[in-house]
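Chemist: just coords:
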Ligand code: MV4
């Protein structure tokens, strides 16, 4: 096992990684920007160093600073967390060239899966079902229109360098194709400096179900079940759960076998997630592969009983996987709510600020992964997620009730959060029934916001603590 690693991240995921390192006796080096001097990961790590100003491109994304620090502090490995440099092929490569272990997949795997059209072709060739569509990326609009007509409208034009919904265009019929194709290309070029796009048949109201995989350095690959991630808004997940309420044991088995086959075909190593679209008819299709530890990994930990960060460290240190596929059995139900510093009534606008009062929930099977504390300042420079609330229960409805109670107990004052919205979703009949799709949030958001307004009339601006009047 590693003696010491550098954690190239901040917030709850840096804290999460430090916790496992501490338990395993792995030393930790935290990095922080000038905006994060007071951050929890800085306090919790064995050592912490400032690597630059608040702007992420000058600090958390500053590769020379990170590598110099890893060297100066004698670290053996670098854990990238999620976001930031976690899916940067160049960073993984240069980390290894400098003599450190990148605690993640091989650079080539990051590169291939980062090109969505390449990933799609590779998966198709490995026998993984993909939505009907193009092979490779498309240059010529006439050729692209031919593919679209062949697979049948509606189609999606997707940016090859994209992912997570960026640079995507829905085309309902042939008359719109040329302009939509050109818009998608221009948007992809502007956003990623890469205008390549591909075409897929559009699947209406799918569910987003992803399979967690791990590959070790000895060629073993296992799957740790699925996560249901259909509750999203504008490609941002709000709620995740494991297992999925719709998967039968047979379908789970099939999706896991498919994911393992896919990961083996690309010689995948370490933690990865294969995202599938599941149709109303129960057919699944490869969508994308995420080559990192994901935000929602705790629901898998709760249901399967493994510490995924520990698995990442052991694999990166060269140990063979100790989990055997036949021992992988889901137990009970887990749900995660992402608590964001956002004003849902104003289009989920980020609302950074100071948390004046902070009382996290507790009790059996309630877990809070967060870097927040009383007096913590949510910075406008980074992601608005302030906490993940995760619960476990023996069955789904008990888990929803436990989550609702924990959300009610959770006090965060000084900033607006998504807690009240999550409480309403936990009580929503369509969510409780388990019969929902990626259309859930778009379909129900207006009604949910109306209900929120009735519940807390114009409590929108949380009061600053008033200075006491002289003599009072
Ligand atoms: C799709 C799709 C329907 N058909 N591809 C959204 C983000 C990116 N990862 C791919 N996405 C989609 N791809 C085909 N062929 C629908 C979506 C999609 C979606 C997927 C998962 C979760 C939420 C979503 C919301 C809108 C669209």
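Modeler: Sure thing, it's come through. Quick caveat: nothing in here was measured; it's all calculated off a predicted structure.

Chemist: Next one: the nearest residue to residue 14 once chain neighbours are set aside from residue 33, what distance?
Modeler: Beyond its immediate neighbours in the sequence, the residue positioned closest to residue 14 (C-beta to C-beta, 6 or more residues apart in numbering) is residue 41, lying 3.6 Å away. The way it works is simple: take the backbone N, C-alpha and C, and place the C-beta from them, glycine included. Residue 41 sits 11 Å away from residue 33, taking C-beta to C-beta, to the nearest Å as the criterion.

Chemist: Common neighbours of these two, please.
Modeler: Shared between the contact lists of residue 41 and residue 33 (criterion: C-beta atoms under 8 Å, 6 or more residues apart in numbering) are residues residue 10.

Chemist: Neighbour count: the two, which is higher?
Modeler: Neighbour comparison, residue 41 and residue 33: the larger count goes to residue 41, with 25 against 22 (by other C-beta atoms under 10 Å).

Chemist: So which elements touch the helix or strand encompassing the more buried one?
Modeler: When secondary structure is defined by DSSP states H and E, residue 41 falls within helix 40-44. Using 3 or more C-beta pairs under 8 Å, 6 or more residues apart in numbering; DSSP states H and E as the contact criterion, the neighbours of helix 40-44 among helices and strands are helix 11-24, strand 27-33.

Chemist: Single out the most deeply packed of these.
Modeler: Among the helices and strands packed on helix 40-44, judged by mean count of other C-beta atoms under 10 Å, the one packed with the most neighbours on average is strand 27-33 (a mean of 23).

Chemist: Surely residue 311 and residue 319 touch.
Modeler: No. In terms of C-beta atoms under 8 Å, residue 311 does not count as a neighbour of residue 319; the distance is 9.4 Å.

Chemist: Please name the residues that touch residue 255.
Modeler: Residue 255 neighbours (C-beta under 8 Å, 6+ apart): 209, 211, 226, 247, 276, 284.

Chemist: beta partners of the last one?
Modeler: When assigned by DSSP bridges, residue 284 has beta-bridge partners residue 278.

Chemist: go on, the third one?
Modeler: Legend: beta-bridge partners of residue 226 under DSSP bridges are residue 211.

Chemist: quick one: it and residue 213 touch, right?
Modeler: No. Residue 226 lies out of contact with residue 213 (C-beta under 8 Å); the separation is 10.9 Å.

Chemist: For the helix holding residue 41, buried residues please.
Modeler: Neighbour counts over helix 40-44 (16 or more other C-beta atoms under 10 Å) mark 40, 41, 42, 44 as buried.

Chemist: Take the residues you listed and lay them out in a markdown table including distance to the ligand and pLDDT.
Modeler: Output for those, formatted as a markdown table (distance: C-beta to the nearest ligand atom, whole Å; pLDDT from 0 to 100):
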| residue | distance to the ligand | pLDDT |
| --- | --- | --- |
| 40 | 31 | 98 |
| 41 | 29 | 98 |
| 42 | 33 | 98 |
| 44 | 33 | 98 |
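
Chemist: Redo the residues you listed as a markdown table? Include distance to residue 22.
Modeler: A markdown table is the format used below for the buried residues of helix 40-44 (distance: C-beta to C-beta, whole Å):
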| residue | distance to residue 22 |
| --- | --- |
| 40 | 13 |
| 41 | 12 |
| 42 | 15 |
| 44 | 8 |
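
Chemist: Among the helices and strands packed on helix 40-44, which comes closest to the ligand?
Modeler: Proximity to the ligand, assessed across those by C-beta to the nearest ligand atom, is greatest for helix 11-24 (20.8 Å).

Chemist: That closest one to strand 27-33, inter-axis angle?
Modeler: Angle of helix 11-24 versus strand 27-33, following axes from the mean of the first three to the mean of the last three C-alpha atoms, to 10 degrees, is 160 degrees.

Chemist: Which residues does helix 11-24 contact?
Modeler: Helix 11-24 has contacts (C-beta under 8 Å, 6+ apart) with 1, 5, 7, 9, 26-28, 30, 39-41, 44-45, 79, 81-82, 293, 295, 307, 309-310, 313, 369-371, 382-383, 385, 387-388.

Chemist: how many neighbours does whichever residue of the stretch 1-150 of the chain sits closest to the ligand have?
Modeler: Taking C-beta to the nearest ligand atom, the ligand has its nearest neighbour within the stretch 1-150 of the chain at residue 131, 4.0 Å off. Summarising burial for residue 131: neighbours were counted as other C-beta under 10 Å, giving 20.

Chemist: Kindly report the same for residue 395.
Modeler: 9.

Chemist: you'd agree it is up against residue 332?
Modeler: Yes. Applying C-beta under 8 Å, one finds residue 395 in contact with residue 332, separated by 7.0 Å.

Chemist: which of the contacts of helix 11-24 count as buried?
Modeler: A residue is treated as buried here by neighbour count (16+ other C-beta under 10 Å); on that basis the buried members of the contacts of helix 11-24 are 1, 5, 7, 9, 26-28, 30, 39-41, 44-45, 79, 81-82, 293, 295, 307, 309-310, 313, 369-371, 382-383, 385, 387-388.

Chemist: Can you pick out the ones from the residues you listed that are in strands?
Modeler: Of the buried ones among the contacts of helix 11-24, the ones assigned to strands by DSSP state E are 5, 7, 27, 28, 30, 79, 369, 370, 385, 387, 388.

Chemist: Show me the domain layout of the protein.
Modeler: Structurally, the chain divides into domains by automatic domain parsing as follows: 4-103, 132-201, 207-455.

Chemist: Provide the secondary structure category for residue 50.
Modeler: The three-state assignment at residue 50 reads strand, by DSSP: H, G, I helix; E, B strand; the rest coil.

Chemist: any low-confidence regions in the stretch 351-472 of the chain?
Modeler: 457-472 (pLDDT under 70).

Chemist: got the residues of it near the ligand?
Modeler: residue 438 (C-beta under 6 Å from any ligand atom).

Chemist: any chance you could map the helices in the stretch 351-472 of the chain?
Modeler: For the stretch 351-472 of the chain, the helices identified by DSSP state H, counting those that start in this stretch occupy 396-409, 419-427, 429-433, 440-455, in order along the chain.

Chemist: before we move on, what about the stretch 51-200 of the chain?
Modeler: Counting by DSSP H, counting those that start in this stretch, the stretch 51-200 of the chain has these helices, from start to end: 63-72, 89-97, 107-114, 116-125, 141-151, 174-192.

Chemist: higher neighbour count, residue 226 and residue 213?
Modeler: Residue environment comparison for residue 226 versus residue 213 gives the larger neighbour count to residue 226, 30 against 22, counting by other C-beta under 10 Å.

Chemist: Next, give phi and psi for residue 355.
Modeler: Summarising the backbone geometry of residue 355 under the convention degrees, to the nearest 10, its torsions are phi -90, psi 110.
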